[in-house]
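A.B. asks: Just to be clear, the model below is a prediction. Sequence and coordinates:
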Amino acid sequence: MRSAALRLLENDPPTLLSVATTVPKHRLAQGEVAAIAPRLFDRQKSDIDRLMPVFENAGIATRYSCVPIDWYLEPHGWRERNQLYLDNAVELLTEAAENALAQAGRRPQDIAAVVVASTTGIATPSLDALLLNRLGLPSHILRLPIFGLGCAGGVLGLSHAVALARSLDRDDRGGDVLFLAVELCALTFRQGDLSKSNIVAAALFGDGAAALVIGRPGSEGLRFGPSGTHTWPDSLDVMGWHVEDDGLGVLFSRDIPALVRDEFGPAMDAFLGRCDLSRDDLAGFVCHPGGVKVLDALEEAFGLEPGTMQEARDVLREHGNMSAVTVLFVLERMLHRGLAGRQLMTALGPGFSAGFQILEA
């Protein structure tokens, strides 16, 4: 027989109390970036002239960067890039976290654990430690930094934060959980990298941060259901970073849309089956918009009409691909427009992996 405590956890899951997002101050118009692209890439040694249409076809109008556009015209080393990452990540996360706490009506002392997902820089001490005093978080707070999930970090990191919220309640420690995500993708652009992946990244990546307050079981708000992941075998070369002397080199496979179109549906159905659910039980999808072609493939995999996931397309158009952070911008926008019913939150990232999180509105 299940214990009363377990039944309580099932009936009173952790809930979403607030979402807050922020971007750095430098706004980059896609036309402006396209105009300097021939100066960023050696036209004699790269395929920049042939690949210029990617800037127009990316479905992006604006992005935000923690450095001005002229910064990208000069070479920069790993040390400089990572210091910019640390300085700007802490500033953005502080702003997002303070706004999320205010929206939730919570004080820093109410937070029992903090989880931070980021894959575009290195921080030791970790970002959560750097934020401890700035936010006034308790000295005994549980901290979980997560690196390496890439674009999937917004969903998989959130799922870890939700699981932590459940465990805190079970251990009778109480308190809410603060989930933070920050990605400064634009800092990874390397002028000397003439690969197609780097050119596509120059047309796609933007910077941003998000903070979510997850309420302890019994709190009011959108409820978190089951979560899961699927990692495709022999897929390590689909997406990730190459660590180079002057920074992180992006790895994209052109096969990602085809993989999503052909194999995402069965992986999703298997996850739903493990939860005793099917597609018919879903009211909608909260998806990371990795790019226009990936969104097209996701809509096909979900059996949706083209253009159905409008909020995801709007976020992509206005902010570009902010890696792990992007799906949290989509969630915020869908909440503002009135999220209803059972939703499946998804993102794809290195591994090659899919993250799943059920939301009950």
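C.D. replies: Everything's here; your move.

A.B. asks: ok, now which ones touch the closest residue to P68 other than its chain neighbours?
C.D. replies: Leaving aside its sequence neighbours, P68 sits nearest to H26 (CB to CB, 6 or more residues apart in numbering; 5.2 Å). C-beta coordinates here come from the backbone N, C-alpha and C atoms, glycine included. Going by CB atoms under 8 Å, 6 or more residues apart in numbering, H26 touches Y64, S65, C66, V67, P68, I69.

A.B. asks: repeat that with 10 Å
C.D. replies: R63, Y64, S65, C66, V67, P68, I69, W71, A186, D207 (CB atoms under 10 Å, 6 or more residues apart in numbering).

A.B. asks: Could you do L142 as well?
C.D. replies: I111, A112, A113, V114, V115, D128, L164, S167, L168, R173, G175, V177.

A.B. asks: Let me have the residues you listed in CSV, extended by neighbour count.
C.D. replies: Listed next are the contacts of L142 as CSV, based on neighbours: other CB atoms under 10 Å:
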residue, neighbour count
I111, 23
A112, 22
A113, 23
V114, 28
V115, 26
D128, 23
L164, 20
S167, 14
L168, 21
R173, 13
G175, 19
V177, 29
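
A.B. asks: wait, which of those is closest to L84?
C.D. replies: D128 (19.3 Å; CB to CB).

A.B. asks: Doesn't that closest one lie inside a helix?
C.D. replies: Yes - according to DSSP: H, G, I helix; E, B strand; the rest coil, D128 belongs to a helix.

A.B. asks: Would you check that it makes contact with A181?
C.D. replies: No - using CB atoms under 10 Å, D128 makes no contact with A181, being 11.8 Å away.

A.B. asks: Need the overlap of contacts for the two.
C.D. replies: Joint contacts of D128 and A181 (CB under 10 Å, 6+ apart) are L93, V115, V116, I146.

A.B. asks: Okay, strands next: where are they in the stretch 101-250 of the chain?
C.D. replies: Assigned by DSSP state E, counting those that start in this stretch, the stretch 101-250 of the chain shows strands spanning 111-117, 142-146, 176-184, 207-215, 222-231, 239-244, 247-252.

A.B. asks: Could you spell out the sheet neighbours of the third one, each with its direction?
C.D. replies: Right, strand 176-184. strand 111-117 (parallel), strand 207-215 (antiparallel) (DSSP bridges).

A.B. asks: and of those, who's closest to D280?
C.D. replies: Among the strands paired with strand 176-184, strand 207-215 comes nearest to D280, with 28.1 Å by CB to CB.

A.B. asks: the inter-axis angle of that closest one versus strand 222-231?
C.D. replies: 120 degrees (axes from the mean of the first three to the mean of the last three CA atoms, to 10 degrees).

A.B. asks: How about residues contacting stretch 72-83?
C.D. replies: Everything outside stretch 72-83 that qualifies as a contact, by CB under 10 Å, 6+ apart, is 28, 33, 36-37, 39-40, 65, 67, 71, 84, 120-123, 184, 186-192, 202, 243-248.

A.B. asks: in this structure, which spans are helices?
C.D. replies: Under the criterion DSSP state H, helices of the chain are mapped to 4-11, 30-40, 48-51, 53-57, 78-104, 127-135, 153-170, 196-204, 256-259, 265-274, 292-302, 310-319, 326-337.

A.B. asks: Any chance of those helices in a markdown table with mean pLDDT and distance to D281 as columns?
C.D. replies: Formatted as a markdown table, those follow (pLDDT from 0 to 100; distance: least, CB to CB, whole Å):
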| stretch | mean pLDDT | distance to D281 |
| --- | --- | --- |
| helix 4-11 | 44 | 17 |
| helix 30-40 | 86 | 38 |
| helix 48-51 | 78 | 42 |
| helix 53-57 | 82 | 35 |
| helix 78-104 | 96 | 29 |
| helix 127-135 | 96 | 35 |
| helix 153-170 | 90 | 19 |
| helix 196-204 | 81 | 33 |
| helix 256-259 | 86 | 25 |
| helix 265-274 | 95 | 7 |
| helix 292-302 | 91 | 13 |
| helix 310-319 | 95 | 21 |
| helix 326-337 | 96 | 18 |
